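Peer 1: next comes the sequence, and after it the predicted model I'd like to discuss.
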Amino acid sequence: GESVGLHLPTLSVQEGDNSIINCAYSNSASDYFIWYKQESGKGPQFIIDIRSNMDKRQGQRVTVLLNKTVKHLSLQIAATQPGDSAVYFCAEGQGAQKLVFGQGTRLTINP
Amino acid sequence: SAVISQKPSRDICQRGTSLTIQCQVDSQVTMMFWYRQQPGQSLTLIATANQGSEATYESGFVIDKFPISRPNLTFSTLTVSNMSPEDSSIYLCSVRLTGVGSSPLHFGNGTRLTVT
């Protein structure tokens, strides 16, 4: 079956540095990819998404890169702030159907 | 976006009992899903809640254990039946809004269930 995984389960960065969170997916039929942020005690919060006809998309301080050749997805967070501390999940889907989630990366920010 | 309200937000239950979780959305939605998040883990899809018909369950999840209702577009319930400690998880309702194509799923804050 399809699966989504992550290279790094934990990531620790200095405040102000850039963070890069990676994700691998296995279903070549997936055409929609998304990143969520989950803070303690809360549900996942949408960060940014990208469709398979794009390889890069930028938001506010975040960029998602998609490499379909190697089935790799990454989330870049610029100038990381203490409020960015959370668990980040990637997910993949097909059209308007269900999402399959990766295992998550915990991002901690060092002052 | 949408406001997704789940009740209860948390509960502690005894094994062998059942708990029904409610999900209410303040907007019209097309699709509603129920996810489970076991402690320290990622989200696993339980089922798609279909309006007016039986839910569509994922592999490993069955209707007898997780009956789901969706009487209208904005409300759904998930019941965790005959609970055991292994059912201790966060149960999350998620929705896709009407008319936005492949829009992101929006999540509620979940129901934190502990089974003793």
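Peer 2: Yep, it's here. Residues are numbered from 1 along each chain as shown, chains lettered A, B, ... in the order given.
Peer 1: how far away is the residue nearest to the spatial centre of chain B from B:Gln6?
Peer 2: With the centre of chain B defined as its mean C-alpha position, the nearest residue by CA atoms, centre = their mean is B:Trp34, 3.2 Å away. Here B:Trp34 is placed at a distance of 10 Å from B:Gln6 (CB to CB, to the nearest Å). Every residue, glycine included, has its C-beta placed from N, CA and C.
Peer 1: which neighbours do the two share?
Peer 2: B:Cys23, B:Tyr91, B:Leu92, B:Cys93 (CB atoms under 8 Å, 6 or more residues apart in numbering or on different chains).
Peer 1: contacts with chain A among these, please.
Peer 2: With CB under 8 Å from any CB of the partner chain as the criterion, the subset of the shared contacts of B:Trp34 and B:Gln6 in contact with chain A comprises B:Leu92.
Peer 1: ok, so of the shared contacts of B:Trp34 and B:Gln6, who is nearest chain A?
Peer 2: Ranking these by separation from chain A, with CB to the nearest CB as the measure, puts B:Leu92 on top at 5.6 Å.
Peer 1: any low-confidence regions in chain A?
Peer 2: Of all residues in chain A, those with pLDDT under 70 make up the ranges A:1-8, A:96.
Peer 1: what segments of it are strands?
Peer 2: Remark: strands of chain A, listed N- to C-terminal, are A:4-5, A:10-14, A:19-25, A:32-38, A:45-51, A:56-58, A:62-67, A:72-77, A:86-93, A:99-101, A:105-110; assignment by DSSP state E.
Peer 1: how about chain B?
Peer 2: Applying DSSP E to chain B gives strands spanning B:4-7, B:10-13, B:19-25, B:29-37, B:43-49, B:56-57, B:68-72, B:75-80, B:89-97, B:106-107, B:111-115.
Peer 1: residue contacts, B:Gly16?
Peer 2: Applying CB under 8 Å, 6+ apart, one finds that B:Gly16 lies in contact with B:Asn82, B:Met83.
Peer 1: meant to ask about B:Ile4, not that
Peer 2: Contacts of B:Ile4 were listed using CB under 8 Å, 6+ apart, and they are A:Gly43, B:Cys23, B:Gln24, B:Val25, B:Asp26, B:Cys93, B:Ser94, B:Val95, B:His106, B:Phe107, B:Gly108, B:Asn109.
Peer 1: who wins on neighbours among those?
Peer 2: Neighbours here are counted as other CB atoms under 10 Å in any protein chain shown. On that basis the top member of the contacts of B:Ile4 is B:Cys93, with 28 neighbours.
Peer 1: okay, how far is it across stretch A:18-32, tip to tip?
Peer 2: For stretch A:18-32, the first and last residues are 25 Å from each other (CA to CA, to the nearest Å).
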